[in-house]
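Novice: Compute the structure for the input listed below.
(chains A, B, C and D)
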Number of protein chains: 2
Amino acid sequence: MARPRSAGYDDQRDLILERAATLFAKAGYPGTSMNEVAEACGMSKASLYHYFRDKDDLLVSIADGHVARLEALVDAVMAAHPPGEARARALIERFVDEYADAQNAHRVLTDDVRFLPEETREAILARERRVVDGFAQTIAELKPSLGEDGMSKPLAMLLFGMINWMFTWLRPDGALTHSDMGPIVADLFFGGVGAVKAPRKAAAKQRAAKRITEKEI
Amino acid sequence: MARPRSAGYDDQRDLILERAATLFAKAGYPGTSMNEVAEACGMSKASLYHYFRDKDDLLVSIADGHVARLEALVDAVMAAHPPGEARARALIERFVDEYADAQNAHRVLTDDVRFLPEETREAILARERRVVDGFAQTIAELKPSLGEDGMSKPLAMLLFGMINWMFTWLRPDGALTHSDMGPIVADLFFGGVGAVKAPRKAAAKQRAAKRITEKEI
DNA sequence: CCTACCGATCGGTAGG
DNA sequence: CCTACCGATCGGTAGG
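Specialist: Numbering: from 1, shown residues only, chains lettered A, B, ... in the order given. Below you'll find the predicted structure:
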């Protein structure tokens, strides 16, 4: 076995990931320099390159780490709840809470993964797809006719839209908290999903739904 | 691409704005160079600077032009429909159609305005605020108790979330079109809005709603 | 011969 | 409207 890393190695890595996520979330990936990341971490740029091969490696670590947690969260909720509205509500409320604790990483996932080369991006998109599928399946269980019409994935994406967009306007210091918003989003979505009808040419829509493969969260 | 023979100053400006919006939407504002914009327009970088003072001037023109059209659209719908669900539906469906025709400009508005200096950004945010207020007012007309609880703005933002996020996942070549999605979003929203209850401490939420001033579309 | 860094600078390219 | 540049900063790496 290889010689173990120094005691603080993983702690330093985690610190860098958190500071970099904050900067990327604020100024975007191309708008953030490695010099700025190094400065925010109180270390030289050369030290930064001791922990991460290059700038892309930083981005991958932030985004993949976050989406892996979301993936695990979906698996845990699916295992803990039988099909039905309780499962769907748990999914939404757990997601909103998870996002609230990882706002910077989430913004990096939704905004900056597109800057990665295709091969690197693909592994992250695969995890995103599993997360979307978990939501789509839960929606189809709730109202099977939507699943048959190929509407469960588009509806899952509308749901993600409400949740993802929240983090651009909800003030962390406001009286309305992320935890308040979980039940509101769930009420709106489950109250409304009964009123949704698929447009005509349902077969074509089902084919269309299969094509939704990129930028899924 | 060949330059149109009789292109005047304004035509050249519009061409540059469209090409620049396409590039900014794809690679982000900091990720796009003026050299790339010039090349996409078939002109030298120096020529570009004949039409726009600097890079920020390009961004402002794209974003402000787009949000000004949205503002005018809200005013037109409010003038054409009395308060009620017909007004709200018209607002949603007209917005989705407008976005579909201006996807690049819309992405620039939502993603890149944050890179402008504060004074420049403020004029654009003021227009965004007017658009959000139009939606929030329409929601409050539909269910006055939500307005009294300070929930009409948060609900307007959830609605914008569904619509804005659509443009990250809906395939322009898919069988499911933007026009299909307008009624679906409206059904989901109006079906669900009846089920939404404000969280406790409604007075505090009203104060919170007032603080929602940035990044409102 | 390893790790954990440092000060300084590399070749290229950004906006203007 | 182009070529030729500028001050500065980019991502990444040298020797010690």
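Novice: Please count neighbours and contacts with C-alpha atoms only from this point.
Specialist: Will do.
Novice: Quick one: residues contacting A:G28.
Specialist: Contacts for A:G28 (C-alpha atoms under 8 Å, 6 or more residues apart in numbering or on different chains) come out as A:V108, A:D111, A:D112, B:P30.
Novice: Most neighbours among those, which one is it?
Specialist: A:V108 (25 neighbours; other C-alpha atoms under 10 Å in any protein chain shown).
Novice: What is the one helix or strand A:T22 maps to packed up against?
Specialist: Assessed by DSSP states H and E, A:T22 sits inside helix A:9-27. Contacts defined by 3 or more C-alpha pairs under 8 Å, 6 or more residues apart in numbering or on different chains; DSSP states H and E place helix A:9-27 against helix A:34-40, helix A:55-80, helix A:103-112.
Novice: what inclination does that helix have with respect to helix A:55-80?
Specialist: Comparing the axes of helix A:9-27 and helix A:55-80 via axes from the mean of the first three to the mean of the last three C-alpha atoms, to 10 degrees yields an angle of 100 degrees.
Novice: Could you pull out the buried residues of helix A:9-27?
Specialist: A:R13, A:I16, A:L17, A:E18, A:R19, A:A20, A:A21, A:T22, A:L23, A:F24, A:A25, A:K26 (16 or more other C-alpha atoms under 10 Å in any protein chain shown).
Novice: isn't the second one right next to A:G42, touching?
Specialist: This points to A:I16. No. The pair A:I16 and A:G42 does not pass the contact test of C-alpha atoms under 8 Å, sitting 9.7 Å apart.
Novice: Give the residue spans of chain A that score low on pLDDT.
Specialist: A:1-7, A:201-217 (pLDDT under 70).
Novice: again, only this time at 90
Specialist: A:1-12, A:39, A:42-47, A:50, A:100-101, A:118-120, A:167, A:171-175, A:179, A:192-217 (pLDDT under 90).
Novice: If you check it against DNA strand D, which residue is the closest one?
Specialist: A:S33 (3.0 Å; C-alpha to the nearest atom of the strand).
Novice: Distance of that residue relative to DNA strand C?
Specialist: 12 Å (C-alpha to the nearest atom of the strand, to the nearest Å).
Novice: got it, and A:V67?
Specialist: 26 Å.
Novice: same deal with A:F190?
Specialist: 45 Å.
Novice: number of nearby residues for that residue?
Specialist: For A:F190, using other C-alpha under 10 Å, the count is 21.
Novice: Same check on A:R53?
Specialist: Around A:R53 there are 10 residues (other C-alpha under 10 Å).
Novice: And for the one 10 residues further on?
Specialist: As a burial measure, A:A63 scores 23 neighbours (other C-alpha under 10 Å).
Novice: A:R171: what secondary structure?
Specialist: coil (DSSP: H, G, I helix; E, B strand; the rest coil).
Novice: Could you tell me how many residues sit around it?
Specialist: With other C-alpha under 10 Å as criterion, A:R171 counts 18.
Novice: go on, A:A40?
Specialist: By other C-alpha under 10 Å, neighbour count at A:A40 equals 16.
Novice: which of the contacts of A:G28 lies closest to A:A90?
Specialist: For the contacts of A:G28, the minimum distance to A:A90 (C-alpha to C-alpha) is 24.4 Å, reached by A:V108.
Novice: List the contacts of that closest one.
Specialist: A:V108 neighbours (C-alpha under 8 Å, 6+ apart): A:A21, A:F24, A:A25, A:G28, A:Y29, A:L59, A:I62, A:A63.
Novice: if we go to 7 Å?
Specialist: A:A21, A:F24, A:A25, A:A63 (C-alpha atoms under 7 Å, 6 or more residues apart in numbering or on different chains).
Novice: Please report the distance of the last one from B:E128.
Specialist: What it means is A:A63. 30 Å (C-alpha to C-alpha, to the nearest Å).
Novice: Please apply the same query to A:H66.
Specialist: In terms of C-alpha to C-alpha, A:H66 sits 31 Å off from B:E128.
Novice: ok, now A:Y29?
Specialist: Counting by C-alpha to C-alpha, the gap from A:Y29 to B:E128 is 25 Å.
Novice: swap in A:T138?
Specialist: From A:T138 to B:E128 the distance is 35 Å (C-alpha to C-alpha).
Novice: likewise A:E128?
Specialist: For A:E128, the distance to B:E128 - C-alpha to C-alpha - is 31 Å.
Novice: residues contacting A:Y29?
Specialist: Here A:Y29 is in contact with A:D112 (criterion: C-alpha under 7 Å, 6+ apart).
Novice: Tell me the secondary structure at it.
Specialist: coil.
Novice: Regarding it, what are the backbone dihedral angles?
Specialist: Dihedral angles of A:Y29 (phi, psi; degrees, to the nearest 10) stand at phi -70, psi -50.
Novice: Could you measure from it over to A:N104?
Specialist: Taking C-alpha to C-alpha, one finds A:Y29 at 12 Å from A:N104.
Novice: just A:L17 next, same as before
Specialist: Between A:L17 and A:N104 the computed distance is 10 Å (C-alpha to C-alpha).
Novice: does A:A195 really touch B:F190, like I thought?
Specialist: No. In this structure, A:A195 is not within contact of B:F190 by C-alpha atoms under 7 Å, at 8.4 Å.
Novice: residues shared between the contacts of these two?
Specialist: With C-alpha under 7 Å, 6+ apart applied, the contact sets of A:A195 and B:F190 do not overlap.
Novice: if we can go back for a sec, which single one of the contacts of A:V108 is nearest to A:L176?
Specialist: Of the contacts of A:V108, the one sitting nearest to A:L176 (C-alpha to C-alpha) turns out to be A:A25, at 21.9 Å.
Novice: can I assume the closest one is in contact with A:N104?
Specialist: Yes. Counting by C-alpha under 7 Å, A:A25 does reach A:N104; the two are 5.3 Å apart.
Novice: who touches A:A63 in this structure?
Specialist: Taking C-alpha under 7 Å, 6+ apart, one finds A:A105, A:V108, A:L109 in contact with A:A63.
Novice: Kindly present those as CSV, with separate columns for distance to B:F95.
Specialist: Converted to CSV, the contacts of A:A63 look like this (distance: C-alpha to C-alpha, whole Å):
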residue, distance to B:F95
A:A105, 30
A:V108, 27
A:L109, 27
